[in-house]
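> No sequence on hand, only this structure:
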């Protein structure tokens, strides 16, 4: 992303990716005119909203929650449908591509990031912001195509036609894996206890879902001790 100062809208779920991106945006002296958190019926909605609000308040950034109850009308994702089982524990193998492709089918939410980016772009145009910043990364892009640089670039091309000020999509972590993001976050002095990388709502991060397992490995690789944030086994 350009280091030139500008107004931006950040998609904030309080996960590692989006948290690092909002901190990076501020580091680059961009004016974050709005942090958007989406409630689409996901299991972690309560904690994502709560933690995102804390992060936004901590950074003195305007925060808004967008309710999307109609996601349930076209979803069988285990992140939304309570009767579906979210892969956890030994059902998750983050270094096994074939297994990850299989578990992806369970948690996949159709066009989620596409919908989020378009809504954020509409807010961006109305607020005279020129960019939308999602939390994408190279690690999950291997199995989730809506995390890729290609997707982000195509989204920018589309928004050139659907926003009068040609809103772009940019992401600081697009080429990073999770351990690199944690190291970057350490340099930014991110209070990790405010973040929420877990697929579930609870008192602590479950440590068993795919997102938690990736976070756990990332923190360990970066030699950052956050064991107290995970639920005890």
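Alright, I've got the coordinates. Worth saying up front: this structure is predicted, and the values here are computed from it rather than measured. Numbering: from 1, shown residues only.
> which stretches of the protein form strands?
Remark: strands assigned in the chain by DSSP state E are 7-11, 31-39, 63-67, 131-133, 168-169.
> Can you check which of those strands gets nearest to residue 179?
With Cβ to Cβ as the criterion, residue 179 lies closest to strand 131-133 of the strands of the chain, at 21.0 Å. Any C-beta I mention is one placed from the backbone N, CA and C, and that applies to glycine too.
> which helices and strands does the closest one pack with?
If contacts are counted by 3 or more Cβ pairs under 8 Å, 6 or more residues apart in numbering; DSSP states H and E, strand 131-133 sits against strand 7-11, helix 16-27, helix 112-126, strand 168-169.
> From the chain's centroid, how far away is the first one?
On the basis of Cα atoms, centre = their mean, to the nearest Å, strand 7-11 sits 13 Å off its chain's mean C-alpha point.
> Check which residues of stretch 213-228 are buried.
213-219, 222, 226 (16 or more other Cβ atoms under 10 Å).
> Who are the packing partners of the lowest-mean-pLDDT helix or strand in the chain?
Least confident element among the helices and strands of the chain, by mean pLDDT, DSSP states H and E: helix 97-107 (a mean of 89). Packing partners of helix 97-107 (3+ Cβ pairs under 8 Å, 6+ apart): helix 210-221.
> Next, the angle from the helix it packs on to helix 16-27.
In terms of direction (axes from the mean of the first three to the mean of the last three Cα atoms, to 10 degrees), helix 210-221 departs from helix 16-27 by 60 degrees.
> oh, and call the first residue 28 from now on, that's how I've got it
Sure thing, new numbering starts at 28, so read that last one as helix 237-248.
> Tabulate the buried residues of stretch 240-255 (JSON lines), appending pLDDT and distance to residue 59.
JSON lines is the format used below for the buried residues of stretch 240-255 (pLDDT from 0 to 100; distance: Cβ to Cβ, whole Å):
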{"residue": "240", "pLDDT": "96", "distance to residue 59": "30"}
{"residue": "241", "pLDDT": "96", "distance to residue 59": "25"}
{"residue": "242", "pLDDT": "97", "distance to residue 59": "23"}
{"residue": "243", "pLDDT": "96", "distance to residue 59": "29"}
{"residue": "244", "pLDDT": "96", "distance to residue 59": "29"}
{"residue": "245", "pLDDT": "97", "distance to residue 59": "24"}
{"residue": "246", "pLDDT": "97", "distance to residue 59": "25"}
{"residue": "249", "pLDDT": "96", "distance to residue 59": "25"}
{"residue": "253", "pLDDT": "97", "distance to residue 59": "25"}
